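S.K.: How does the following fold in three dimensions:
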Amino acid sequence: MDQCIECPKCQEQCAFLKKYGKPKKIAMEYDPSDLIWLTLPFECHLCNLCSAVCPVNLSPGAMFLEMRREAVERGVAPLAAHRGIIAYEARGVSRKYSWYSLPGGCHTILFPGCTFSGTRPDTTLALYEHIKTIDPDIGIVLDCCCKPSHDLGRTSFFNEMFNEMRSWLVEHGVRTIIVACPNCYKVFRNYGTPLEVKSAYEFLLGHGVPATAQKYRSTSENKSSDPLSKRAALSIHDPCVLRDEPAIQRAVRTLAQSAGFEIREMAHSKRKTVCCGEGGSVGFIAPRLSSAWGDVRAKEAENRPLLTYCAGCAGFLNRRVPTFHIIDALFYPESVAAGTRKVARAPFTYFNRIRLKRHLKRENPAPTTRERDFTPVSGGSGKTRGGKNLKKLLILIMVAAAVAGIHFSGITELFNQDSLRHTVASLGVVAPVGFILLYTIAPVLFLPGLPITIAGGIIFGPFWGVVYSIIGATSGASVAFLISRYVARQWVERKLTSPRWQQLNSSVEENGWKIVAFTRLVPLFPFNLLNYAFGLTPVRFIPYALTSAICMLPACIAFIVFSSSLPDLLKGNVSTGLIIGIALIALVSLIPVMIKRYSDNKKYSK
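M.R.: Below is the predicted model:
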């Protein structure tokens, strides 16, 4: 508040600051007793481009990180949208995925990081074997540095987990860490004392590039005498977390050139590099802000492939621009130059990490090994969700067994559609009215609507099932909307604290009923909460109800047509209606993809 001169430099560079204002304004208006202010900092990527361009050397990113910590202290964070990244981190520090291997006389270890080892297990092994030719006593550690928790403001959890790892390494004689991941470098650099941290890129530059890179360079130099031959031209994307590490930036460029690649710099590079969009886990709650950085990179690349030294950046940017990792370029230069180098994506990255661990245990036996099994006092167990996954598997097996039992027991006769229709007809108007009332109440009480929809298809058939289900679904959505607007507004506001819900309100202000249509067609938000959320927005009731009915209809038709054929399926008959229903469900599931493709094409055509 005292030092910010309110110049436009940081705001010109950052979509987040364009949205919320200059750092001084945010600092002056910040109110930690307001839930909106406690969730706002989770839309900042913490990339610190603002500090790189600040004329008075302020670091707004540090302020936003402190705000995140405040949100955790007050019990508001981590947000529900961050469960995925927290679960990912929990796997990394678990006994199942971690592995420490220290040979005799080991003083240096390779710490490849979670994403690098999962997406590139072959490159990880190639790097490790190459470093072993230089230092035969080098060890390797598969673990997570807990940077996600650090950036989410989970300070107590981060400190306990990282300090336990650091203490174990120091106690076992480790003095130097060689890292491939920029985030791991940052964490060990800031919190790893007395351990010394080196980037794999500086290490490789100081001890010689792999033979594969030397061979490719000599081949490309021989070809360069041919006027029709061109060296592979790439642009370097510097990870934002290393914007203040010029030695690493120089090392990467020298390595790329030593491997025979031609480097073209982009407008935002080195200290003024931009975030790939993954920083600060913003993509989970504000995908538009996250994708804005990808737009910048795609424009600056000018149709050239990118070379980076962060596996996370490579995966995130590769959705927009062909992006490769510098270590891949050193060990597999031909495939990188040809643009054919492939890496793994989730869920295969998890299998790769387990396979890599098994390989190291089998092929690199060491006198000192361990699997990390540590639970911090602050909570947030490092154990994986394996138990939950096992329960899901058991439930699936039980359901399959129940279906098989029903089929062979003769109970399927109870699902004879003629008998069901006769029973429903005998109830007269009571059956559809009761069904519609049940469907109206379900969204209000946060009960799932899909089972009711399926029941409607079985009981009433494909036509009346659709009619009654869409009436019930629209009635339920409307009742929740009215309760939120006129009865329980404060309760709903306390529930909807995520920035995504706040963005929904601003989007409705700008686009009105179109946002209702979009969110009904594209399931970005939980259906039951969405009904209440719209009650807080400026959208009028009649457009809301009509748009909801029209845009919920495609999915309703698909599931009703499918479910109306389930009685035949239980008898072992695959009907035409079942095939049509499955096809319709598949078609409805493609709607979000088609909308995204349309919006992307429209955006790039401008």
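S.K.: What residue spans form the domains of the chain?
M.R.: 9-77, 87-207+346-370, 211-338, 416-605 (automatic domain parsing).
S.K.: out of those, nearest to Asp2?
M.R.: Asp2 lies closest to domain 9-77 among the domains of the chain, at 8.9 Å (CB to CB). All C-beta spots, glycine's among them, are computed from the backbone N, C-alpha and C.
S.K.: got a list of what the residue lying closest to Val343 once chain neighbours are set aside touches?
M.R.: Distances taken as CB to CB, 6 or more residues apart in numbering place Thr119 nearest to Val343, at 4.4 Å, with adjacent residues excluded. Contact analysis of Thr119 by CB atoms under 8 Å, 6 or more residues apart in numbering lists 311, 314-315, 343-345, 349, 352.
S.K.: quick one on the thing from earlier: of all the domains of the chain, which lies closest to Gln3?
M.R.: Short answer: domain 9-77, nearest of the domains of the chain by CB to CB, at 5.6 Å.
S.K.: How far off centre is the closest one?
M.R.: 21 Å (CA atoms, centre = their mean, to the nearest Å).
S.K.: Now the residue nearest to Val343: phi and psi?
M.R.: phi -80, psi -30 (degrees, to the nearest 10).
S.K.: sorry, back to before: just the closest of the contacts of Thr119 to Gly456, please.
M.R.: Closest approach between the contacts of Thr119 and Gly456, by CB to CB: Arg345, at 37.7 Å.
S.K.: Phi, psi for the residue positioned nearest the centre of the chain please.
M.R.: The centroid of the chain falls nearest to Phe284 when counting by CA atoms, centre = their mean (5.9 Å). Main-chain torsions, Phe284, degrees, to the nearest 10: phi -70, psi -30.
S.K.: ok, now which ones touch it?
M.R.: With contact set as CB under 8 Å, 6+ apart, Phe284 has these partners: 79, 81-82, 84-85.
S.K.: same thing with Asn57?
M.R.: Ser51.
S.K.: hang on, the earlier thing: mark which of the contacts of Phe284 are part of strands, please.
M.R.: Among these, no member falls in strands (criterion: DSSP state E).
S.K.: give me the low-pLDDT residue ranges for the stretch 151-300 of the chain?
M.R.: By pLDDT under 70, the weakly predicted segments of the stretch 151-300 of the chain are 220-232.
S.K.: Run through the helices of it in chain order.
M.R.: Counting by DSSP state H, counting those that start in this stretch, the stretch 151-300 of the chain has helices at residues 155-171, 182-191, 200-207, 211-223, 246-258, 287-301.
S.K.: quick one, which of those is packed in tightest?
M.R.: Mean neighbour count (mean count of other CB atoms under 10 Å) peaks for helix 182-191 among these, with a mean of 22.
S.K.: Please enumerate residues in contact with it?
M.R.: Taking CB under 8 Å, 6+ apart as the rule, helix 182-191 contacts 111, 113, 145-147, 150, 162-163, 166, 177, 179, 195, 197, 199, 239, 241-242, 245, 248, 309-310, 312.
S.K.: Okay, and which of the residues you listed map to strands?
M.R.: Counted as lying in strands by DSSP E, out of those, are 111, 177, 179, 197, 199.
S.K.: Sketch out the strands for this structure, chain order is fine.
M.R.: 99-102, 108-111, 139-142, 176-179, 196-199, 233-237, 262-264, 306-308, 323-325, 368-370.
S.K.: Report all helices and strands that the fourth one contacts.
M.R.: Right, the one you point to is strand 176-179. Under the contact criterion of 3 or more CB pairs under 8 Å, 6 or more residues apart in numbering; DSSP states H and E, strand 176-179 touches strand 108-111, helix 182-191, strand 196-199, helix 200-207.
S.K.: so how far is the third one from its chain's centroid?
M.R.: Meaning strand 196-199. How far strand 196-199 lies from its chain's middle: 28 Å, per CA atoms, centre = their mean.
S.K.: Other residues contacting stretch 26-35?
M.R.: Identification of contacts with stretch 26-35 by CB under 8 Å, 6+ apart yields 1, 4, 20, 37-38, 40, 60, 63, 67, 70, 74, 76, 493-494, 497.
S.K.: and the longest helix along the chain, what other elements does it pack with?
M.R.: Longest helix of the chain, by residue count under DSSP state H: helix 450-486. Judged by 3+ CB pairs under 8 Å, 6+ apart, helix 450-486 is in contact with helix 417-427, helix 430-444, helix 527-535, helix 541-563, helix 566-570.
S.K.: Just name the most buried of these.
M.R.: By mean count of other CB under 10 Å, the helices and strands packed on helix 450-486 have helix 527-535 as the most buried, with a mean of 23.
S.K.: can you give me the helices for the stretch 301-450 of the chain?
M.R.: Ranges of helices within the stretch 301-450 of the chain are 311-317, 326-331, 333-338, 348-363, 386-409, 417-427, 430-444, 450-486, based on DSSP H, counting those that start in this stretch.
S.K.: Identify each buried residue in the longest one, please.
M.R.: If I follow you right, that is helix 450-486. 452-462, 464-466, 468-478, 480-485 (16 or more other CB atoms under 10 Å).
S.K.: sorry, back to before: for Ser51, which of the strands of the chain is the nearest?
M.R.: strand 233-237 (19.1 Å).
S.K.: Return the residues in contact with Arg68.
M.R.: Contacts of Arg68 by CB under 8 Å, 6+ apart are 41-42, 77, 151-153.
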